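Chemist: for reference, the sequence and a predicted model appear below.
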Amino acid sequence: FFTTRNLFFHIIGKGGYKTRTIENETGCAVGISQVGQVNTFPMYITIRPMPSWQGEGRVDMVKAREMVEDSLLEFVECDGARARLLYELALSLDGASHLQRLESGEVQQRSHKTKEVVWMKLLDLPVINFEYNLRVQHEAECSVEFFHGSIYMPAELCRPFALICGKCSERVVEATKLVANSIHECQQRVQDAPPNSHNEIESRHVSTKGSDKPSILQGSGSDQSESQSSRKRKSPSENESLSDPRKSSKAGDQNSEQNVVATYILAVPLWVMQNCTNDNDLYEHLAGEGNGRHGHKLRRIFSETNCSLKFLHYNSNEGEPLVITIESENETRAVRRAKQMIEESLLEFIDDESSEGRLLYELAITSEGSYDVHQTKNGFVRQESHTEHGLVWMKLLELPSVELKGKLTPHGTFLLKHDLQEELTNGADCSIEVYGFGDNIPMLCDPYVLISGKRKDEVDDVAARVAAKLLKHQERCRCKFLN
């Protein structure tokens, strides 16, 4: 979460608009404490009725709590972490609440999937030395979800866990005992197994159907063993896709393509290469300390996502953009995490805050592959924000320039005026960032304007108004759009 201050500003919204919305709609005030220290947890959030509230209807503390929870869920992008967050929030509730809680730890809370209130119980999973797979049969009375491994539960957010949910508290208690016993048996089998036989541990099939004696069925047969073996995570030294791009195998590529679920291809803009002193500087930065596939950054990407990476045109002297292909045999969430890690490394490499927005935009707008980044034909993309946590819609506009004494000077300082920005946004939750003047002059790329926000229609409207202002200025001036 970087710091609690990041989370604090996300909860209150830009200029405090989120907390004001809660006050206006529910008649409740939101207080937040333990803010400002790095990784200071827990952060305490207090919701109190406002005695002087003059709004319609009565004070609604349930809605206020849910609105705060929804804001927290936006901040946490991993589905598994969201599920755990909702459980722990309900478990830690203090004060008046309509949600019930049992002494054994079962709580009532909204489901992270359906948003309906259910009974739930969380069990921490043991950290053991192999990628086990617990197959769960979802029945009408209870559901069991396992969040484990780097794909399903990023280690930097929370511990792996199982979540048992149902409409009846008694059934959830019964199912919890069943799942806990199954986890314990699985752990014992791993501990008792020979050092090199961890891949032979069978998958467990858990049924939570209501009956006198809920059953645990152990899978068997060669098909399951082979499936489990195929999911075993390879070390970087075993995976040729992570090797030096000069040593790729066509046969290996053909075999890997048969199992690929999602791909993402990104091309690094040529202007990024200006930060290269030596031919392979960018590739070596992305690989990390070490040599080729042994670079610590590539090892970390592979360890956390199980994605394979392929590089093309890694030599800056080739005059071609570096092309990086991400492939996953698991799911698109793994591709997104690998994509984020590469983008973070690229932002480190350019070391220019004023060029960050353009880099993320150009990476998304030129990307290809089955992983959908939501591009539109008129230049809008949904991409990671460089100024706040999470995905936003964004559109980049070029600034017009005029040539003076052989040097291009951008025009558009009028866009920095606060009154004009308010007019252009017209109440929309969008930001207009202008890079080309004062302390915000890009050192590597051309000057630009970046419009971003959570809603595409609002970004579309604001971008159209900004473009109209730039065109109107250009008509009265001798400046020109270069691109």
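Modeler: Received the coordinates, thanks.
Chemist: measure the closest residue to residue 187 other than its chain neighbours to residue 87 for me?
Modeler: In this structure, residue 187 finds its nearest non-sequential neighbour in residue 126, 4.9 Å apart by Cβ to Cβ, 6 or more residues apart in numbering. No exception for glycine: its C-beta is placed from N, CA and C like everyone else's. Here residue 126 is placed at a distance of 18 Å from residue 87 (Cβ to Cβ, to the nearest Å).
Chemist: now do the contacts for residue 99.
Modeler: Residues near residue 99 by Cβ atoms under 8 Å, 6 or more residues apart in numbering: 90, 93, 107-109, 117.
Chemist: quick check: the gap between it and residue 92.
Modeler: Between residue 99 and residue 92 the computed distance is 11 Å (Cβ to Cβ).
Chemist: how many residues are close by residue 450?
Modeler: The burial metric for residue 450, expressed as a neighbour count using other Cβ atoms under 10 Å, is 22.
Chemist: which residues pair with it across the strands?
Modeler: Residue 450 forms beta bridges with residue 396, residue 433, as assigned by DSSP bridges.
Chemist: on the pLDDT front, check the closest residue in space to residue 391 that isn't next to it in sequence for me.
Modeler: For residue 391, ignoring the flanking residues on the chain, the nearest one in space by Cβ to Cβ, 6+ apart is residue 382 at 5.5 Å. Predicted confidence (pLDDT) at residue 382: the value is 91.
Chemist: do the one 10 residues further on as well
Modeler: According to the predicted model, the pLDDT of residue 392 comes to 91.
Chemist: mind checking which helix or strand it is in?
Modeler: Element membership for residue 392 (DSSP states H and E) is strand 391-398.
Chemist: over to residue 382?
Modeler: When secondary structure is defined using DSSP H and E, the element that contains residue 382 is strand 381-384.
Chemist: list the buried residues in the helix or strand containing residue 29.
Modeler: Following DSSP H and E, one finds residue 29 within strand 28-33. Within strand 28-33, the residues that qualify as buried are 28-30, 32, counting by 16 or more other Cβ atoms under 10 Å.
Chemist: try stretch 475-483
Modeler: Residues residue 479 are the ones in stretch 475-483 that count as buried (16+ other Cβ under 10 Å).
Chemist: please renumber the chain so that the first residue is 27 from this point on.
Modeler: Taking 27 as the first residue, the last one we looked at is stretch 501-509.
Chemist: surely the residue nearest to residue 213 and residue 209 touch.
Modeler: Yes: counting by Cβ atoms under 8 Å, residue 152 does reach residue 209; the two are 6.9 Å apart.
Chemist: which strand residues bridge residue 506?
Modeler: Note on residue 506: beta-bridge partners residue 427, judged by DSSP bridges.
Chemist: what about it, distance to residue 467?
Modeler: Counting by Cβ to Cβ, the gap from residue 506 to residue 467 is 19 Å.
Chemist: that older thread, which among the contacts of residue 125 end up buried?
Modeler: With neighbours counted by 16+ other Cβ under 10 Å, the contacts of residue 125 contain buried members at 116, 133-135.
Chemist: picking that back up, helix/strand/coil for the residue nearest to residue 213?
Modeler: Local secondary structure at residue 152 is given as coil here, using DSSP: H, G, I helix; E, B strand; the rest coil.
Chemist: how near is it to residue 329?
Modeler: For residue 152, the distance to residue 329 equals 19 Å [Cβ to Cβ].
Chemist: need the strands for the stretch 327-476 of the chain, in chain order.
Modeler: Assigned by DSSP state E, counting those that start in this stretch, the strands in the stretch 327-476 of the chain fall at 334-338, 349-354, 407-410, 417-424, 427-430, 433-436, 456-461, 474-479.
Chemist: who's residue 136 bridged to?
Modeler: Beta-bridge partners for residue 136, by DSSP bridges, are residue 143.
Chemist: the residue nearest to residue 321 when sequence neighbours are not counted - how many residues pack around it?
Modeler: Leaving aside its sequence neighbours, residue 321 sits nearest to residue 313 (Cβ to Cβ, 6+ apart; 3.1 Å). Residue 313 has 25 neighbours, counted by other Cβ under 10 Å.
Chemist: just residue 79 next, same as before
Modeler: Other residues within reach of residue 79 by the criterion other Cβ under 10 Å amount to 16.
Chemist: cool, and the one 3 residues further on?
Modeler: Residues near residue 82, counting by other Cβ under 10 Å, number 7.
Chemist: ok, now the one 4 residues further on?
Modeler: Number of residues near residue 86 (other Cβ under 10 Å) recorded here: 17.
Chemist: what sits against it?
Modeler: The contact partners of residue 86, by Cβ under 8 Å, 6+ apart, come to 51-54.
Chemist: residues contacting stretch 188-200, please?
Modeler: By Cβ under 8 Å, 6+ apart, the residues outside stretch 188-200 that reach it are 109-110, 113, 126, 128, 130, 132, 137, 144-149, 151, 160, 167-173, 201-202, 205, 209, 234, 236, 240.
Chemist: correct me, but residue 115 touches residue 95?
Modeler: Yes: in this structure, residue 115 sits in contact with residue 95. The criterion is Cβ under 8 Å, and the distance is 6.1 Å.
Chemist: output the longest helix seen in the chain as PDB, restricted to C-alpha atoms.
Modeler: With DSSP state H applied, the helix covering the greatest number of residues in the chain is identified as helix 195-218. Coordinates of the C-alpha atoms in helix 195-218 are reproduced here as PDB (Å, rounded to 0.1, in the frame of the first residue of the first chain):
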ATOM      1  CA  SER A 195     -24.400 -19.900  10.100                       C
ATOM      2  CA  GLU A 196     -24.700 -23.600  11.200                       C
ATOM      3  CA  ARG A 197     -23.800 -24.900   7.800                       C
ATOM      4  CA  VAL A 198     -20.800 -22.500   7.600                       C
ATOM      5  CA  VAL A 199     -19.600 -23.800  11.000                       C
ATOM      6  CA  GLU A 200     -19.900 -27.400   9.700                       C
ATOM      7  CA  ALA A 201     -18.200 -26.700   6.400                       C
ATOM      8  CA  THR A 202     -15.400 -24.800   8.200                       C
ATOM      9  CA  LYS A 203     -14.600 -27.900  10.300                       C
ATOM     10  CA  LEU A 204     -14.600 -30.000   7.200                       C
ATOM     11  CA  VAL A 205     -12.300 -27.700   5.300                       C
ATOM     12  CA  ALA A 206     -10.000 -27.300   8.300                       C
ATOM     13  CA  ASN A 207      -9.600 -31.100   8.600                       C
ATOM     14  CA  SER A 208      -8.900 -31.300   4.900                       C
ATOM     15  CA  ILE A 209      -6.200 -28.700   5.100                       C
ATOM     16  CA  HIS A 210      -4.600 -30.400   8.100                       C
ATOM     17  CA  GLU A 211      -4.600 -33.800   6.300                       C
ATOM     18  CA  CYS A 212      -3.000 -32.200   3.200                       C
ATOM     19  CA  GLN A 213      -0.300 -30.500   5.300                       C
ATOM     20  CA  GLN A 214       0.500 -33.800   7.100                       C
ATOM     21  CA  ARG A 215       0.800 -35.600   3.700                       C
ATOM     22  CA  VAL A 216       3.300 -33.000   2.500                       C
ATOM     23  CA  GLN A 217       5.300 -33.200   5.700                       C
ATOM     24  CA  ASP A 218       5.400 -37.000   5.600                       C
END
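Chemist: buried residues in that helix?
Modeler: For helix 195-218, burial by neighbour count (16+ other Cβ under 10 Å) applies to 195, 197-202, 204-205, 208-209, 212, 215-216.
Chemist: and residue 495, what does it touch?
Modeler: For residue 495, the contacting residues are 440-441, 446, 450, by Cβ under 8 Å, 6+ apart.
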